[in-house]
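Visitor: I need the structure of the sequence given here:
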Amino acid sequence: QVQLVESGGGLVQAGGSLRLSCAASGRAFSTYSMGWLRQAPGKERDIVARISPSGSSTYYDDSVKGRFTISRDNAENKVYLQMNSLKTEDTAIYYCAAARPHSAYSPSNYDYWGQGTQVTVSS
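Guide: I've put the predicted structure just below:
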């Protein structure tokens with residue numbers, strides 16, 4: 001069992017930066033792939049970035065590549081999303097989620113979810 005709590009969302013102007021954090025409970029954290037997913041109003045929940053259990057492998061959606069960076073600290077049971085050069089289209093609720101290794105490619109495969117944190121980017 002893994003419990004996830006996100007923090008760091010808020011309102012920022014276009015071009016600005018935010019850093020999302022996700023704190024995990026449970027000793028199994030380091031065995032899970034972790035993802036940041038987002039859902040904008042009227043849209044499906046999509047994977048923004050994901051990271052392997054060891055942190056050695058990462059994936060980014062094309063829409064955020066070069067702007068967002070996912071990282072994790074297994075000693076602290078935390079995962080982060082650094083978001084730079086934010087655009088209005090990045091506005092969404094951002095979720096931290098955990099999936100078994102090699103299954104994190106689809107939102108439906110994530111087993112544990114945080115409550116979400118709102119990110120709003122104004123023009």
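Visitor: Can I take it that residue 115 is in a strand?
Guide: No - residue state for residue 115 (DSSP: H, G, I helix; E, B strand; the rest coil) corresponds to coil; a strand is not indicated.
Visitor: That one: what's it in contact with?
Guide: 5, 6 (CB atoms under 8 Å, 6 or more residues apart in numbering). Backbone N, C-alpha and C define where each C-beta goes, glycine included.
Visitor: any low-confidence regions in the chain?
Guide: Regions of the chain meeting the criterion pLDDT under 70 are absent.
Visitor: let's go with 90 and repeat that
Guide: By pLDDT under 90, the low-scoring segments of the chain are 1, 26-28, 102.
Visitor: any idea which helix or strand carries the residue nearest the centre of it?
Guide: Centre of the chain computed as the mean C-alpha position; nearest residue by CA atoms, centre = their mean is residue 36, 1.9 Å away. Residue 36 belongs to strand 33-39 when assigned by DSSP states H and E.
Visitor: what's the next secondary structure element after that strand?
Guide: Secondary structure here is assigned by DSSP H and E; on that basis, the next helix or strand after strand 33-39 toward the C-terminus is strand 46-51.
Visitor: could you say what helices and strands that next one packs with?
Guide: Identification of packing neighbours for strand 46-51 by 3 or more CB pairs under 8 Å, 6 or more residues apart in numbering; DSSP states H and E yields strand 33-39, strand 58-60, strand 68-73, strand 78-83.
Visitor: shouldn't residue 55 be in contact with residue 75?
Guide: No - counting by CB atoms under 8 Å, residue 55 does not reach residue 75; the two are 11.1 Å apart.
Visitor: Those two: which has the busier surroundings?
Guide: A direct count of neighbours by other CB atoms under 10 Å for residue 55 and residue 75 places residue 55 higher, at 15 against 8.
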